[in-house]
Each structure stands twice: as C-alpha cells, then as structure tokens.
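A.B. asks: Sequence unavailable; structure follows:
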C-alpha cells in the first residue's frame, strides 16, 4: 500500500512522492484555512459585536443627555434620537481599530496552536513515509536520521507558512524547505534494495 502507518511496509520512490504531495495538499490547506478563520473570520465577528455595543452605549448616553438638557423646553424625540445614533456610530468608528486589534490578539494563541498541531501531524506522517522509503532503499541510519530532520524542517515551514506570510517572513525562511527537499533527494534517487528493486509498492 502507498499510504500506510506500518513502518515494515516498503515504499518506492513514486509512493514517497505521492505521500509527500498528499500531505502537503492536506496540511497546507488545513493551516491556511484554520489561520484565516482564527485571525479574520472570528475576530471580525467579535469586533462587530463589540462595535455594536459601543455604538449603542454612546447612543443611549447622548440621547439621555439631550433629554435632560431639554427639560422645560420642547423636546423633539426623533431629532434627538437621530443625533444620538450619529454620535453612536462616530464613537464606534473611533474605537474600531482598537476593538479589532484586541479581537485578533484574543484569537491569536488558538491560531498558533492549530499551526503547531498541523506541523506535528504533518511531520509525523511524513516521518513514517520517509522511514518506509529508507527501509526499502536500504540507506544508512545516518542518512535516515538526516532525512527525518529534513522532513521536519519542510513540514514545519509548510504548516507555518500562513503565519510567516502575514509577518512578511516567507522569503527569509524559504531556504529551510529548499534545503529540506535537497536533503531528501537521496531517498528519491536511490532504488529499492534487494528483492524490492523489481517491484512497485
């Protein structure tokens, strides 16, 4: 089988390529979706609720103040309410940036936590595939260990790419996955050892 958690099952070069492609597609998608949801969708929703509360509070205060000031005089409730609503909207607009900033900060730890989970699971599944390929190719323990380190470096970069992109650090960290892929080349280039040379797994 190409996809398996059994370390004793050999994996040929095509199988490793398919595993790598599937894992990149799945965990990259998970990271981008979860990060966007935690840093954009939920904060915007929470910020909107806060802005409504700020606007309503400012509106109530302005209306009450206008009503108090009109004691003994003619009080136009519709005009006062319209002016109060305008002041409420103005107050919400002034606080908008601050409210949104706090909302993003509130969800940021959860966004990072999901990226960490993505990196761990990506690296874990990739490690299994790499060990299966290393066993099939009959490479040394040292090369197997080096391949695992390269796989982890690549997986962590892919999982954290949404965060790096937001911080404008993607180019700065780009050498990590490139070096990782270069270090994985021996597993792609080396054929199967022993009886596996003539079989696809």
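C.D. replies: Everything's here; your move. Quick caveat: nothing in here was measured; it's all calculated off a predicted structure.
A.B. asks: Could you check how far residue 138 is from residue 14?
C.D. replies: 18 Å (Cβ to Cβ, to the nearest Å). Backbone N, C-alpha and C define where each C-beta goes, glycine included.
A.B. asks: And for residue 37?
C.D. replies: Separation of residue 37 from residue 14 (Cβ to Cβ): 35 Å.
A.B. asks: ok, the two, which is more surrounded?
C.D. replies: For residue 37 and residue 14, the more surrounded residue by other Cβ atoms under 10 Å is residue 37, and the numbers stand at 15 against 12.
A.B. asks: Could you give the secondary structure assignment for that one?
C.D. replies: helix (DSSP: H, G, I helix; E, B strand; the rest coil).
A.B. asks: And it, how far from residue 159?
C.D. replies: Residue 37 is 15 Å from residue 159, by Cβ to Cβ.
A.B. asks: Same check on residue 151?
C.D. replies: The gap separating residue 151 from residue 159 is 12 Å, by Cβ to Cβ.
A.B. asks: What of residue 132?
C.D. replies: Separation of residue 132 from residue 159 (Cβ to Cβ): 21 Å.
A.B. asks: Where does the nearest residue to residue 147 once chain neighbours are set aside sit: helix, strand or coil?
C.D. replies: Leaving aside its sequence neighbours, residue 147 sits nearest to residue 130 (Cβ to Cβ, 6 or more residues apart in numbering; 5.0 Å). Here residue 130 is recorded as helix under three-state DSSP.
A.B. asks: Use 11 as the first number from now on
C.D. replies: In the new count, where the first residue is 11, that last one comes out as residue 140.
A.B. asks: Tell me which residues of stretch 162-179 come out buried.
C.D. replies: For stretch 162-179, burial by neighbour count (16 or more other Cβ atoms under 10 Å) applies to 162-174.
A.B. asks: now those in JSON lines, with pLDDT, distance to residue 199 and secondary structure?
C.D. replies: Formatted as JSON lines, those follow (pLDDT from 0 to 100; distance: Cβ to Cβ, whole Å; DSSP: H, G, I helix; E, B strand; the rest coil):
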{"residue": "162", "pLDDT": "94", "distance to residue 199": "21", "secondary structure": "helix"}
{"residue": "163", "pLDDT": "93", "distance to residue 199": "19", "secondary structure": "helix"}
{"residue": "164", "pLDDT": "94", "distance to residue 199": "17", "secondary structure": "helix"}
{"residue": "165", "pLDDT": "95", "distance to residue 199": "21", "secondary structure": "helix"}
{"residue": "166", "pLDDT": "95", "distance to residue 199": "24", "secondary structure": "helix"}
{"residue": "167", "pLDDT": "95", "distance to residue 199": "22", "secondary structure": "helix"}
{"residue": "168", "pLDDT": "95", "distance to residue 199": "22", "secondary structure": "helix"}
{"residue": "169", "pLDDT": "95", "distance to residue 199": "26", "secondary structure": "helix"}
{"residue": "170", "pLDDT": "95", "distance to residue 199": "28", "secondary structure": "helix"}
{"residue": "171", "pLDDT": "94", "distance to residue 199": "27", "secondary structure": "helix"}
{"residue": "172", "pLDDT": "93", "distance to residue 199": "32", "secondary structure": "helix"}
{"residue": "173", "pLDDT": "93", "distance to residue 199": "33", "secondary structure": "helix"}
{"residue": "174", "pLDDT": "93", "distance to residue 199": "29", "secondary structure": "helix"}
